Each structure stands twice: as structure tokens, then as C-alpha cells.
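**Student:** Need coordinates for the following:
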Amino acid sequence: MNTNVSKSSPDRVARHVRGVPRSGIRDFFDIVSTMKDVISLGIGEPDFDTPWHVREAAVFALEHGATHYTSNLGLLKLRQAVAGYVERFFGVRYDAETEVLITVGVSEAMDLAVRALVNPGDEVLYHEPCYVSYRPLVVFAFGQPAEVSTAGRPDFRLTREMLEARATDRTRVLILNFPNNPTGACLPREEVARIAALAVERDWIVLSDEIYAELSYDGRHTSIASMPGMRERTVFLHGFSKAWAMTGFRMGYACAPPELTEAMMKIHQYTMLCAPILSQEAAIEALRHPEADIRGMRDEYNRRRRVIHAALNEMGLPCECPGGAFYIFPRVTGFGLTSKEFALRLLDEEKVAMVPGSAFGACGEGYVRCSYATSMDDIREAMTRLRRFVGRLRRTA
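**Tutor:** Okay, here's the model as predicted:
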């Protein structure tokens, strides 16, 4: 008789991993992938191709044998280019040799920062609605996530007072993401200064995800790392996916004081080893003429955001005009449907894909995320279909 009874598969998975749900975005788009002729306003990916000179640099590097490992920190030439760009655009100076780490996208950079800084039981503040990975990354590091809801506030505005009300003696780290995914919210310079002063007073480390910084429409972006007393307590996270339309290159970077960069590099060297060399070569080229590449895409996103904002409000789905990124976050309450039910019915009945707001935290319930990183023709057709869908819901409510 065989007495070796295997445990069920779920029991073999670590408890802290088992308790984390799948990404609501991925679950939703598993359904979308089975359908044809869908207009997608859901994926957070530019519809532009990577600029040709950037792609050409990767091809040239491949043809000339760039197929090897780089330093764990990344190519020095790229780190120098990053340091120069961050100083020009964000006003913060970093040493390319000791304070810049090249990563596999900003997602890896955030993961490294959380794991390098959070002790078990440390509390990490972050604002919701937010990008889907923040809470799970804190859980994976055995930290305690502490969300601050911005839903229902004008422009989804985060303030110093909101953070103070949520913080405790165990708060160690604050995660910021402005311009924000999924709301498009931006943080005014005066509020950046007030939050920076709080971080200094409480001795917090700030992880600032600024991947959408170049896609700001109503004024210049302000990095919290540029505020007095913040350079030494900020991990500045950025990359090439959004403003340069380089999602598939998986290129990100972290800039921080040497002791924090070294801590992140320790994890990076044992997990990723280094970012792909061809992507690093392409990133060097991207930083040669950044504004020329970005300007045209930013202007087109700006045109689209005005069209979609006007259309959504006209049909009675109230929403703030996003100050940055390429998302808008309309409210879809009043139909007797959850945000997921609203999105699924819209997909089924009109073949328009939007992401339920609940994917971005519990306070996102009652909203949907629409990405305007798609053609103007598709946006206009999607708005026509959405208007028709909303009209039906109102007649049957």
C-alpha cells in the first residue's frame, strides 16, 4: 500500500504568494484575446512604433556582435546618458558609475527597490487607484501595504494631509506614481514640495515611479527627487517604454544614492544579471535626441485626450481631464452594474474593451480605465459604440 499521499497543488505554493490575486488587467484581456474585431481602449501601450533611428541602433549593434553580457549595472555609456538626461529634464544630478542601475523595465526597478528597502512588517504607503503591481510587490517583500484612496477627489489629488492621516510609526516607504496610471492625475509642484517636507520629517524613503513624466500636458513635471532633502531619500524610477514607445525593449533604470543602488544591484545580479545588451544600445540612441522623438507623440496624445474627455462627459460619464499619461478614468455608476460587469457587457455587446477600475484597487470600483494610446479613428468609433451602450443601459435602468 502506498502511504505517500501528495499534498494538493495549492498547498505547495507559498502562502504569501497564494493570497495575491491575478492581475485584473490580465484576467480581463484573457477574455478579449478570444474575440475578434474588438476596439481596445485597455492596453497601456503606445500605438506608435519605436522611432526608426532607435530600432536601427539595435539592428546595427546586433550586426556588430553585441550579443554578450554587460556589467550588472548596465553599459557605462548608457548610465552616463541616463545621468545626463535626468539632470537636464528633472534637475537632479546622479553619478553614472555609482548611482544609476539599468533594469529590465521599470517593473523590475520597482521590485528591486521594494525588496532592497522593506523589512518584514515595515509599512509601505501608496496611493490608489494605482498600477496593479505595487501592493503585490510589498506583499512579496513581507511588508505591510497601506493604501491611501484618492477616488472621488478633484483630479484624484493626493495631499500631505491624506498621507499623514494614514501613516503610522511603522511607515518606512512611500510609493508615488505621477503622472498616474490609471487616472492620468498629476501632482502640482506645491503639493510635491509639501509631501517632500513630510518625507523628510518622518524619515521616509520615497520610490518615485515617473515613467509617464514626459507625457505631461498642462505644465512641466516636477520630480520629488529635486526637492530639498529628497535626493538622498528618493529612488527615482524611470524608463523608455511609454514616452519612446519602447515597451518590448524592456528598458528601465533606477537612480539613487550609492548605498541604495548597491542594495538593489545585489538582488539584480542574482536574478536578472543584466538588462539585454541590444535594448541598452537602443536606449543610448533614444537619449541622443529625446525631445524630437517625444514631441510628436505627446502632441497627438494631447489631441486625443481632449476628444475622449469631451465625449465621455457629453454622454454622462463624468471624468477629470487627465494631466498626463494616456489614460482617462470615467465614472460608470448609476447603472446597477459593477465596473467589471459594465466592462464585460460593453465588450460583449459593442466589442469595446476597457479595464474595470477595480483592477487598480478597491477604491477604483465604479470607474473604468480607457487608454487613448490608439488611433483617433478607433477612439471616435469606440465613443460611438459606448454612447449607444450607455443609452441602452439608461432606457432599461
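
**Student:** Three-state assignment for residue 370, please.
**Tutor:** Secondary structure, DSSP: H, G, I helix; E, B strand; the rest coil: residue 370 is strand.

**Student:** Is it bridged to anything, and to what?
**Tutor:** Beta-bridge partners recorded for residue 370 (DSSP bridges): residue 328.

**Student:** so it touches residue 325, yeah?
**Tutor:** No. The pair residue 370 / residue 325 is not scored as a contact, 11.6 Å apart, by C-beta atoms under 8 Å. To be clear about C-beta, it is placed using only N, CA and C from the backbone, and glycine gets the same treatment.

**Student:** Average pLDDT for stretch 166-181, rounded please.
**Tutor:** The average pLDDT within stretch 166-181 is 97.

**Student:** oh, I was asking about stretch 287-306
**Tutor:** So the average pLDDT for stretch 287-306 ends up being 94.

**Student:** Check stretch 315-332 too.
**Tutor:** Mean pLDDT, computed over stretch 315-332, is 96.

**Student:** what's the first-to-last distance across it?
**Tutor:** 11 Å (C-alpha to C-alpha, to the nearest Å).

**Student:** Outline the domain layout of this structure.
**Tutor:** 13-49+292-396, 52-289 (automatic domain parsing).

**Student:** I'd say residue 302 and residue 217 touch.
**Tutor:** Yes. Counting by C-beta under 8 Å, residue 302 touches residue 217, with 5.0 Å between them.

**Student:** Have a look at those two and say which one is more surrounded.
**Tutor:** A direct count of neighbours by other C-beta atoms under 10 Å for residue 302 and residue 217 places residue 217 higher, at 18 against 15.

**Student:** on that earlier part again, hey, which of the domains of the chain is tucked in deepest?
**Tutor:** domain 52-289 (a mean of 20; mean count of other C-beta atoms under 10 Å).

**Student:** Distance from that domain to the middle of the chain?
**Tutor:** Taking C-alpha atoms, centre = their mean, to the nearest Å, one finds domain 52-289 lying 9 Å from the centre of the chain it belongs to.

**Student:** picking that back up, lowest average pLDDT across the domains of the chain?
**Tutor:** For the domains of the chain, mean pLDDT drops lowest on domain 13-49+292-396, to a mean of 92.

**Student:** How far does that domain sit from its chain's centre?
**Tutor:** On C-alpha atoms, centre = their mean, the centre of domain 13-49+292-396 falls 16 Å from that of its chain.

**Student:** and residue 163, what is it in contact with?
**Tutor:** Going by C-beta atoms under 8 Å, 6 or more residues apart in numbering, residue 163 touches 125, 148, 174, 195, 198.

**Student:** where does the last one fall, phi/psi-wise?
**Tutor:** Torsion angles at residue 198 (phi, psi; degrees, to the nearest 10) stand at phi -60, psi -40.

**Student:** same deal with the third one?
**Tutor:** Dihedral angles of residue 174 (phi, psi; degrees, to the nearest 10) stand at phi -120, psi 130.

**Student:** how close does it sit to residue 203?
**Tutor:** Distance, residue 174 to residue 203, by C-beta to C-beta, to the nearest Å: 11 Å.

**Student:** Quick check: phi and psi at the closest residue to residue 358 other than its chain neighbours.
**Tutor:** Leaving aside its sequence neighbours, residue 358 sits nearest to residue 365 (C-beta to C-beta, 6 or more residues apart in numbering; 4.7 Å). Phi and psi for residue 365, reported as degrees, to the nearest 10, are phi -60, psi 140.

**Student:** Please apply the same query to residue 103.
**Tutor:** Per degrees, to the nearest 10, the backbone of residue 103 is at phi -130, psi 170.

**Student:** what bridges to it?
**Tutor:** Assigned bridge partners for residue 103, using DSSP bridges, are residue 252.

**Student:** what's near enough to touch it?
**Tutor:** Counting by C-beta under 8 Å, 6+ apart, residue 103 makes contact with 109, 112, 239, 252, 253, 254, 268, 272, 275.

**Student:** do the same with residue 105
**Tutor:** Going by C-beta under 8 Å, 6+ apart, residue 105 touches 239, 241, 250, 251, 252.

**Student:** ok, the second one touching residue 106?
**Tutor:** Just to be clear, that refers to residue 241. Yes. Contact criterion C-beta under 8 Å: residue 241 and residue 106 qualify, at 7.1 Å.

**Student:** Tell me the helices and strands packed up against whichever strand or helix holds residue 341.
**Tutor:** Using DSSP states H and E, residue 341 maps to helix 339-350. The contact analysis (3 or more C-beta pairs under 8 Å, 6 or more residues apart in numbering; DSSP states H and E) places helix 339-350 against helix 24-32, strand 352-353, strand 355-356, strand 368-371, helix 376-396.

**Student:** Put together a markdown table for the ones you listed, with distance to residue 136 on each row.
**Tutor:** Formatted as a markdown table, the helices and strands packed on helix 339-350 follow (distance: least, C-beta to C-beta, whole Å):
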| stretch | distance to residue 136 |
| --- | --- |
| helix 24-32 | 12 |
| strand 352-353 | 23 |
| strand 355-356 | 17 |
| strand 368-371 | 18 |
| helix 376-396 | 30 |
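
**Student:** Let me know which of those is the nearest to residue 287.
**Tutor:** Nearest to residue 287, of all those, is strand 368-371, at 25.6 Å by C-beta to C-beta.

**Student:** Not counting that closest one itself, show me its contacts.
**Tutor:** Here strand 368-371 has contacts from 40-44, 182, 308, 312, 326-330, 332, 339, 342-343, 354-357, 359-360, using C-beta under 8 Å, 6+ apart.
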